[in-house]
Structures are given as structure tokens and as C-alpha cells.
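>>> Sequence first, predicted coordinates after that:
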Number of protein chains: 2
Amino acid sequence: MWRDETGRSLADYPHPSVAVDVALLTVVDGALQVAVHRRAGHAAGELALPGTFVRIDETLAAAALRALREHIGVTGRSPEQLRVFDDPDRDDRGRVLAIAHVDLVPRDVLDDDVGLVAVDRRPRLTFDHDAMVAAAAEHVRARYRRDPDPAGLLGAAFTLAELQGLHEAVLGAPLPKDTFRRHVLADLEPTGGVRTGTVGKPARLYRRAG
Amino acid sequence: MWRDETGRSLADYPHPSVAVDVALLTVVDGALQVAVHRRAGHAAGELALPGTFVRIDETLAAAALRALREHIGVTGRSPEQLRVFDDPDRDDRGRVLAIAHVDLVPRDVLDDDVGLVAVDRRPRLTFDHDAMVAAAAEHVRARYRRDPDPAGLLGAAFTLAELQGLHEAVLGAPLPKDTFRRHVLADLEPTGGVRTGTVGKPARLYRRAG
DNA sequence: GTAATAGTGTCTCTGAGACACTATCGG
DNA sequence: CCGATAGTGTCTCAGAGACACTATTAC
């Protein structure tokens, strides 16, 4: 263990605590929603994002996954870092830096009883979690403007109508059919199959190329 | 002070130390350069970005400014957050999260004796500072692709040729004169003056429109 | 006048968007 | 056949880039 000239290690100096918070987004009812839980303990009853303190030998990703597991029973995703929230008054328990994360997952990886609120019509969240959700939504929306289903919410094969419906739900706005089609087609490859059992002309199935 | 049910405050739990590092960029000799210093103390002699540990009651911005002041005597800028570097082995003194920052400043706010290395031909830096510089350069380049001199390196008035030269230096690539002109003109307003004392037709002066 | 730099007119190409059209299914 | 959804041809518009041209200064 490293020591400075006075024999103290780094941890002996007072320093901020570090937390991670995760805006776990999903699409339900044609709209982008975020998973929240009701706090127990400090600020009990308020709606909050899943979060936890980062342990000394843990990566941010590991802490984020632990928070998801402990609060809402989700495992196996890989949240992405957004940015650090460092307002000195953001947590009245002490000095806490929070590193906001975001991930977008299919609805069915979440338990049925997980709390979900629509991103665009959400109630007040605790601490600065509102700003985290806003940043998270902007992040995934920017990616969905560029690429077809970058989070892979759709399965191995999907129709263009299904893809477009997903994008409209994420972006919260309708998209023109023909333009959308040409926009994404370069990044897709046809599987050869078609979607049957529906009314109208059967739609071709695609998967993401790459 | 908040206490948990066992009477301990947040700071009583072992938690990672937090540092800030700043990639302070500038343009010299027609190329993007980053300010470095030679470390004293730990890892002495290696080239490093200005950095410091974040004190418990300090914002990240304040810590970043303190690092710049202590290491290279720069004051008054406002570094922007890039992202957190959290490899558990990134600092062999202990567990340290580093929050990389970036700023782009005019050469003349730096002391003459500040160490500068070209971003695109840089020597090895200590720890993970190489990756920080790469991220910082990509960040400012993305902004310079979009907007005319977003960092405000040029003074109150400048010619289009001066602006183009700056952008070429930041991006590290030549730009077509006519296209560049039309690209930035919408975001500029003419001051009415011209640059005199040069050879050729005098150039009109512009300022950034607000 | 010439050299040098500033600034513009215009053509082409590409991609977004709008619109209308054709294609193929179930019933 | 009809209703419904899938998929395409084509026109227009705007912006990027290339190229050649004109404009205005110092000398």
C-alpha cells in the first residue's frame, strides 16, 4: 500500500463518497419509460432511480449492475456512463458525487411489479434524478436517431413496421414511413423470411447488419 | 451530519478517492497541443496532465481549476467534464476514480515555460492520460466541426481566413475555402471593419453572432 | 500593370421529405 | 372483388463540395 511522506494512505484524506444511479429505460405502451422504486431509509417514500454507493474495489459498471440487481432484480445488462452530478447539496447525507448511467432494455427483462413512469410525463423524482432521466432520454434518443435499434430491443428478426414503431416510441414522435425505410435499410439485411399471420401483405423480416 | 443506524456517517465507509485531470488544449504552430507537466513525487519524471484529488467540499469544476493553477499557473477558464476513468489498476497508489476534463484556451493564457505536446504526435503519458487526451481531442474536434470557434480562441473580430486556419489546426486537416465560408457565415455577423496592412484584398472582419 | 488574397456564381451530387403509385396478402 | 398493409418511383428542396470566375488591395 502506497503511503505519503506522513505515512497516510490516500483513503486517510477526507474525500467525497461516490454513488452510481441508473436510468433504466424501456418501451411500454408505445412510450419510453424509466424504472423507479420507492426509497426506504433516507428520503423514504420518494421515487428514485436505482442507485448505490461505489465500493472501494468495484468498477462503476459493477456498482451499476449491483444497484439494478438489489433494487429491481435486473441482471446482465451493461449500463453506459452519462456524466457526474456534483452539486455539493445534491444529497443531504453528506458529500456524494453521483455518476449517472443509462441503459435501454426490453420490457420482459423487468419484473412485472417494477415501477415504471413515462419519461415525458414523469412525476418529481428525488435528489437530482430528474436531470439524470432527462440526460438519459436525450442520450438514447440521439442514438435512435442515427441507427436502427442500437440497443437491440427487437429480437433476431423484425419487420420494418416493428422497427419503425419502436423508434417512434423511443423518440416520442411519428416518423415518415418511406424516409424511415430508406434511412435504416442500409444497416439491415433481409433474413429471407416474412411475417405471416397478419392482415395485409406479409412484411419481409430483417436483422441488423454488421 | 447524517448517521446510519450504526452511527456511522457516509465518510466512515471505505470508498474510492476521486481525482480530476484536465486536458488543457491550445493551438500552436498550426496544430492542437496539450499542456503537460513532469510529475514530482509519485511516478516522478513522467509526463502527466494537470490533476489533483477532489476535496470533500469542492465541486469538480473547482478542483479542475485548482489543478490548473497549481500545476501550470492557469486561471479563469471553465473545463468541461468528459467522463470517468475507473480502471481499478489505473493508479497504483490506491483506488482512484479520475474524472477527465477538457478545455481549449488561447496560447497566451499559458506561461511561456508550460510543456506542450502535439495531440497527434504525443509521447507516452502516465497512467491513462493518453486515453484522456484522445477523448478530449475528439470532443473539441466534434464541436469545431459544427460551430465556428466555439471555444472563443479568436478575439472579438477576425477574418474568415483566420477562422479557417484555426479550424484546420484544431481538426488537423485542410478545409475547402468556399464550403467552409458558407458553412460558418450563418453564425457570424460582420463588424463592418476590414483587416488592413496585409497583402492582397483586405478581408472583412466578423464576430460570432449571439 | 502584376501578384496576392478575398469573395461569389453556379453546377453536380446526395440525402431528406412528400406524394402517389404499385404489390401482395386474407377473406 | 375489397380492405389492409408492404414496398417503390419520382419530384423537390437544401446543403456539401468542386471549380471557375470576379473583386480589391499593395506594390
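Looks like it arrived, so ask away.
>>> From here on, just use CA atoms for contacts and neighbour counts.
Fine.
>>> What residues of stretch A:31-51 count as buried?
A:31-39, A:47-51 (16 or more other CA atoms under 10 Å in any protein chain shown).
>>> nope, stretch A:160-176 is what I was after
So stretch A:160-176, judged by 16+ other CA under 10 Å, has buried residues A:160, A:163-171.
>>> Now flag whichever of those residues is closest to chain B.
A:L171 (23.0 Å; CA to the nearest CA).
>>> How much space separates A:H129 from A:D111?
From A:H129 over to A:D111 the distance is 22 Å, taken as CA to CA, to the nearest Å.
>>> A:A43 too?
A:A43 is 24 Å from A:D111, by CA to CA.
>>> same check, this time on A:A67
To A:D111, A:A67 is 15 Å away according to CA to CA.
>>> Also near chain B: which of the buried residues of stretch A:160-176, exactly?
Filtering the buried residues of stretch A:160-176 for proximity to chain B by CA under 8 Å from any CA of the partner chain leaves nothing.
>>> Tell me the confidence at A:H15?
A:H15 is assigned 89 on the pLDDT scale.
>>> what lines up beside the lowest-mean-pLDDT helix or strand in chain A in the sheet?
Lowest on mean pLDDT, DSSP states H and E among the helices and strands of chain A sits strand A:188-195, with a mean of 92. Taking DSSP bridges as the criterion, strand A:188-195 sits next to strand A:203-208 (antiparallel) in its sheet.
>>> Tell me which residues touch A:L163, please.
Going by CA atoms under 8 Å, 6 or more residues apart in numbering or on different chains, A:L163 touches A:148-149, A:154.
>>> Let me fix that, I meant to ask about A:D89.
Counting by CA under 8 Å, 6+ apart, A:D89 touches A:R95.
>>> again, but for A:A131
Shown here is A:A131, which makes no contacts under the criterion CA under 8 Å, 6+ apart.
>>> So which of the contacts of A:L163 wins on neighbours?
Greatest neighbour count in the contacts of A:L163, by other CA atoms under 10 Å in any protein chain shown, goes to A:P148: 24 neighbours.
>>> Distance-wise, check A:R3 relative to B:R55.
Separation of A:R3 from B:R55 (CA to CA): 18 Å.
>>> And these two? Which one has more around it.
B:R55 (18 against 12).
>>> surely that one meets B:A61?
No. Applying CA atoms under 8 Å, one finds B:R55 not in contact with B:A61, separated by 11.5 Å.
>>> got the contact list for the spatially closest residue to A:R181 that is not a sequence neighbour?
Once flanking residues are discounted, A:R181 sits nearest to A:L160: 7.0 Å by CA to CA, 6 or more residues apart in numbering or on different chains. Going by CA under 8 Å, 6+ apart, A:L160 touches A:181, A:203-206.
>>> rerun at 10 Å
By CA atoms under 10 Å, 6 or more residues apart in numbering or on different chains, the contact set of A:L160 is A:148, A:166, A:177, A:180-181, A:184-185, A:188, A:203-207.
>>> Equivalent analysis for A:E168, please.
Per CA under 10 Å, 6+ apart, neighbours of A:E168: A:30-32, A:144-145, A:162, A:174-176.
>>> so when I look at it, I'm seeing a helix, right?
Yes. Assessed with DSSP: H, G, I helix; E, B strand; the rest coil, A:E168 lies in a helix.
>>> mind checking pLDDT for it?
With respect to pLDDT, A:E168 scores 97.
>>> Is any residue of the longest strand anywhere in chain A near chain B?
Secondary structure of chain A per DSSP state E: the longest strand is strand A:17-28. Yes. Strand A:17-28 is in contact with chain B by CA under 10 Å from any CA of the partner chain, via A:17-19.
>>> Is the longest helix along chain A in proximity to DNA strand C?
Counting by DSSP state H, the longest helix found in chain A is helix A:129-146. No. Applying CA under 7 Å from any atom of the strand, one finds helix A:129-146 separated from DNA strand C by no less than 8.7 Å.
>>> Tell me which residues of that helix come out buried.
Using 16+ other CA under 10 Å as the burial criterion, the residues of helix A:129-146 that qualify are A:129-130, A:132-133, A:135-137, A:140-141, A:144.
>>> Check stretch A:103-111 too.
Residues of stretch A:103-111 classed as buried: A:103-105, A:110 (neighbour count, 16+ other CA under 10 Å).
>>> now those as a markdown table including secondary structure and pLDDT?
Below are the buried residues of stretch A:103-111 laid out as a markdown table (DSSP: H, G, I helix; E, B strand; the rest coil; pLDDT from 0 to 100):
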| residue | secondary structure | pLDDT |
| --- | --- | --- |
| A:D103 | strand | 97 |
| A:L104 | strand | 97 |
| A:V105 | coil | 96 |
| A:L110 | coil | 93 |
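>>> Which one of the residues you listed is nearest to DNA strand D?
A:V105 (23.4 Å; CA to the nearest atom of the strand).
>>> The closest one is in contact with A:G155, isn't it?
No. If you go by CA atoms under 10 Å, A:V105 and A:G155 don't touch, sitting 11.7 Å apart.
>>> Sketch out the low-pLDDT regions of chain A for me.
Within chain A, no stretch falls below the threshold (pLDDT under 70).
>>> ok, which stretches of it are strands?
A:17-28, A:31-38, A:47-48, A:51-53, A:80-85, A:96-104, A:115-118, A:188-195, A:203-208.
>>> closest to DNA strand D out of these?
Closest to DNA strand D of those is strand A:203-208 (CA to the nearest atom of the strand; 3.4 Å).
>>> Could you list the residues in contact with the closest one?
Residues outside strand A:203-208 that contact it (CA under 10 Å, 6+ apart): A:147-150, A:152, A:154-163, A:184-196.
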